[in-house]
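**Q** requesting a structural model of the entry that follows:
(one chain, ligands or ions: 1)
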Amino acid sequence: MVRVQSVAPDSVAAELGIGPGTDLLSIDGRALDDFLDWEFLSAEEAFVLSARLPDGQDIEFDIERPDDVPMGIALEPPNIRRCANRCDFCFVDGLPAGLRENLYIRDDDYRLSFRFGNFATLTNLKPKDTARILEYRLSPLYVSVHVTDSVLRRRYLRNPRAPDVMEQLRALGAGGIRFHTQIVLQPGVNDGPVLERSLADLHGFGDVVLSVSVVPVGLTSFSKVHLVREPGRDECRAAIDVVHAVAERCLAERGHRWVHGADELYLVADLPLPPAEWYGDFEQAENGVGSVRHLQQQIASYGDTLSSLAGRSIAVLTGTAMGRLLPTVIADLARQTAGHFEVIPLENELFGPSVTTAALVPGRAFQRALQERPSVSLALLPAEAVNDDGRFMDDLSAEDLAASVSCEIRLSYDFGDVLQSPALQ
Ligand code: SF4
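**A** Below is the predicted model:
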C-alpha cells in the first residue's frame, strides 16, 4: 500500500476524487508496495486502481488516460531501506547527538540509487528486489563497490553475509542494468594493488560499468579513528597514479577515461585538478568528482546573462574543501559581474575540521560568519547544505538564518542560478 500525500488540481486524480490520505492498494490486481510499483504500473494508458479512501471506503477506479497526461499524485515519502553493513568510516556513526532525526538513518536503498543517484552497496538485496530491478529496468544504479574481492569487501563493510558484488553486477548486467560505481579509499585496506585489482575487475565488465570514482574516505571527530584513517598526501598521489594509468588506457581503448579521482583526492595530494575535458560528461560531479570544473563550466555558460553586481559586496560561504578551490571559480564570476566577492571557508564545528564539505556546514556557522561581517550586502550559501524543508544540518532553518542577519541570503547550486534575477539590479 502507498499513501497519497497530495494531488495536483485539475489532474486525473483530482477528477476521480482521490485526495490526500487515500491508500492506493493495487493496480490490475498487483499490490503496490512502494513508489516504484506505483510509477511503473500506473504508466499504462488503462488500468484498474484499487484504493481505500480516507473515510475507509474501498473503491475501484477504471482509469483510461493518454500517456502524456499525468495522474497528478504525489506519494508520502517511502520507508527507507536500512543498511546491513557496519563500515568503520560510516558517516552515521560519526554524527554527534542532537541533529535532525533522519540523519541517523543508515540508508542503503537501491530504489533511491535509481531515483536520486544515492550510492548503495546492494548487500541488503533480496531475490524479490533483484527481480524488481530487472523487471522495472532500474538503470543506471549507483553502487558502492569499494573493493571487488569478496573476502576483503566483507571485512571492509563489516558484514560477513555481504553477497559477492561481482556476481551481483554480472547477473544484473546480463539483464541490461548499468552501473556508476565508487571506491571509497581507505589506506592500507583497498588502495595499492587492491585498488588496481578492483579497477581491473570492474573494467572487465565492459560498458556494463559506466564509470568509477575513487574517493578518499572522510572522517569526523566522532569516527572510529582507532580503526580507520584518512589517506595522506603520498597515499592520494599513489591512488591518482593508479587512476590515471587506467584512465589513459580506457581513453585509448574506449574514447573516454571511465575512472576519475574525486576533487578531494587531488586536494589532499596537493596536485592541480585535471582540466574540464578530463571528466567527459561529469557523470559523478554530484559525488565530488570534477565538481569544481563543472562549476566553472556552468558559470561560463551563463555568459553575459548575469546581473551586474558593481559596487556590491558578496560573500560566498562554503566548507573548507571548496574554500581552497573556489577562488579560481569566483575570479570568473567577479569578471562577469563586476562585483566584489569574498570566499569565506567555514570550519565544521559540528563534526570537526576534517569534515570539509559545504553540504555539512551547520546553519549557525553561516549565521555567525555573516553577523561578524555587516558590510556584506549579499551572501551566497550552498543550496546542498539545506534539506527539502529548508533546514541546515543543525536544524536551523534558512528562513530563521535570513531573519537574523543584515544581508540578503541566497541559496545557490552554481551561483549563476541566483545571480540572474532582476532583484539584484
Ligand atoms: S554502507 Fe557503510 S557507510 Fe554506508 S550507511 Fe552502511 S555502514 Fe554506513
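**Q** drop to CA atoms for contacts and neighbour counts, all remaining ones
**A** Will do.
**Q** excluding chain neighbours, what is closest to whichever residue of the stretch 251-400 of the chain sits closest to the ligand?
**A** Residue nearest to the ligand within the stretch 251-400 of the chain: N287 (14.0 Å; C-alpha to the nearest ligand atom). Excluding the flanking residues, the one nearest N287 by C-alpha to C-alpha, 6 or more residues apart in numbering is A262, at 7.6 Å.
**Q** do M393 as well
**A** P362 (5.1 Å).
**Q** what's the neighbour count on the one you found?
**A** Other residues near P362 come to 25 when the count uses other C-alpha atoms under 10 Å.
**Q** ok, it touching L350?
**A** Yes - contact criterion C-alpha atoms under 8 Å: P362 and L350 qualify, at 6.9 Å.
**Q** report the separation between the residue nearest to M393 and L401.
**A** 11 Å (C-alpha to C-alpha, to the nearest Å).
**Q** verify the stated contact: D107 with R81.
**A** Yes - contact criterion C-alpha under 8 Å: D107 and R81 qualify, at 5.8 Å.
**Q** give me the more crowded residue out of these two.
**A** The neighbour comparison of D107 against R81 (other C-alpha under 10 Å) goes to D107, with 19 against 16.
**Q** what's the separation between the closest residue to that one other than its chain neighbours and T121?
**A** Distance criterion C-alpha to C-alpha, 6+ apart; nearest residue to D107, sequence neighbours excluded, is R82 at 4.6 Å. According to C-alpha to C-alpha, R82 stands 11 Å off from T121.
**Q** related to what we said a few turns ago, what about the residue nearest to N287, how many neighbours?
**A** Neighbour tally, A262, other C-alpha under 10 Å: 23.
**Q** test my guess that it contacts V215.
**A** Yes - A262 lies in contact with V215 (C-alpha under 8 Å); the separation is 5.1 Å.
**Q** residue ranges with poor pLDDT in the stretch 251-400 of the chain?
**A** Counting by pLDDT under 70, not a single residue of the stretch 251-400 of the chain qualifies.
**Q** if we go to 80?
**A** 324-325, 328, 352-356 (pLDDT under 80).
**Q** now do the contacts for the residue nearest to M393.
**A** N348, E349, L350, A385, F392, M393, D394, L396 (C-alpha atoms under 8 Å, 6 or more residues apart in numbering).
**Q** ok so the second one is a strand residue?
**A** Okay, so that is E349. No - counting by DSSP: H, G, I helix; E, B strand; the rest coil, E349 falls outside a strand, being coil.
**Q** contact partners for it?
**A** P362, A365.
**Q** and what of the fifth one?
**A** For F392, the contact set (C-alpha under 8 Å, 6+ apart) comprises L360, V361, P362, G363, A385, V386, A398.
**Q** narrow these to those in helices?
**A** Among the contacts of F392, DSSP state H puts G363, A398 in helices.
**Q** select from the contacts of F392 the one having the most neighbours.
**A** V361 (29 neighbours).
**Q** which residues of this protein lie near the ligand?
**A** Residues of the chain lying close to the ligand by C-alpha under 6 Å from any ligand atom are C83, N85, R86, C87, C90, F91, R106, D107, T121, L157.
**Q** list buried residues within these.
**A** Using 16 or more other C-alpha atoms under 10 Å as the burial test, the residues of the chain next to the ligand include C83, N85, R86, C87, C90, F91, R106, D107, T121, L157 as buried.
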